[in-house]
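1. make a model of this:
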Amino acid sequence: MKRRSLVVVAFIVVAGALSFALLARNSGTHRSEAVSAAGTSGGTRDSKLVAYYFHGNTRCFTCRKIEGLSHDVVTSEFGPQLKTDQLEWQSVNVEQSGNEHLFDDYKLITWSLVLVTYKDGKQTGYTNLTDVWTLVNNEPAFRSYVKSGIQSALERVQ
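-> Okay, the predicted model is just below:
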């Protein structure tokens, strides 16, 4: 088990280093509307929670698994909140031109599930659920962690 944890930590460090290298190479001044407009786009609510899965161009098995499990928790556990636009799911490629600012905005070191709260159409806070990487191979714990994080964040937008 210790070896598996060490491998996960090593992967996160390497992925983070690669992410920052790509960020430095691709940095620009254009900002994506994907995140900045999320608080006011799509739905009728001015206060909401957006669950963003931030990923890159290259997506490994573990990255896809984290996204899939996270999306499944959102859709299976929070259907009523999705229908009323209190909760929204978005998958965003942070390596896409114009999204480079997301690394700094959300202090990303690798691909991640980030819960962003909006009130009156303005971002009021965020939570980076970094433990998805250490829990990815323990599905019950993973699901519980993501569900708990979303429930806590939803309480802040009500």
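
2. identify the bridge partners of the spatially most central residue of the chain.
-> By CA atoms, centre = their mean, the mean C-alpha position of the chain lies nearest to residue 113, the distance being 2.5 Å. Assessed by DSSP bridges, residue 113 has beta-bridge partners residue 53.

3. show me the contacts for the nearest residue to residue 106 once chain neighbours are set aside.
-> Leaving out its chain neighbours, the residue that sits closest to residue 106 by CB to CB, 6 or more residues apart in numbering is residue 114, at 5.1 Å. All C-beta atoms are positioned from the backbone trio N, CA, C, and that covers glycine. Contact analysis of residue 114 by CB atoms under 8 Å, 6 or more residues apart in numbering lists 51, 52, 54, 106, 108, 126, 127, 128, 129.

4. farthest pair in those?
-> Farthest apart among the contacts of residue 114 by CB to CB are 51 and 108. That separation is 14.9 Å.

5. those two: which is more packed in?
-> Per other CB atoms under 10 Å, whichever of residue 51 and residue 108 has more neighbours is residue 51, with 24 against 19.

6. which neighbouring elements make contact with the helix or strand where the more buried one lies?
-> For residue 51, the element it lies in under DSSP states H and E is strand 48-55. Packing partners of strand 48-55 (3 or more CB pairs under 8 Å, 6 or more residues apart in numbering; DSSP states H and E): helix 61-77, strand 87-93, strand 112-119, helix 139-157.

7. that older thread, quick one: pLDDT of the residue nearest to the centre of the chain?
-> Here, the pLDDT recorded for residue 113 equals 95.

8. rewinding a little: for the strand holding residue 51, give the mean pLDDT please.
-> Strand 48-55 carries an average pLDDT of 95.

9. torsion angles phi and psi at residue 95?
-> When read as degrees, to the nearest 10, the backbone of residue 95 gives phi -90, psi -10.

10. so it touches residue 56, yeah?
-> Yes - the criterion here is CB atoms under 8 Å, and residue 95 meets it with residue 56 at 4.5 Å.

11. ok, residue 91 touching residue 53?
-> Yes - using CB under 8 Å, residue 91 is in contact with residue 53, at 4.8 Å.

12. show me which of the two is the more surrounded one.
-> Using other CB under 10 Å as the criterion, residue 91 and residue 53 rank with residue 53 on top: 22 against 13.
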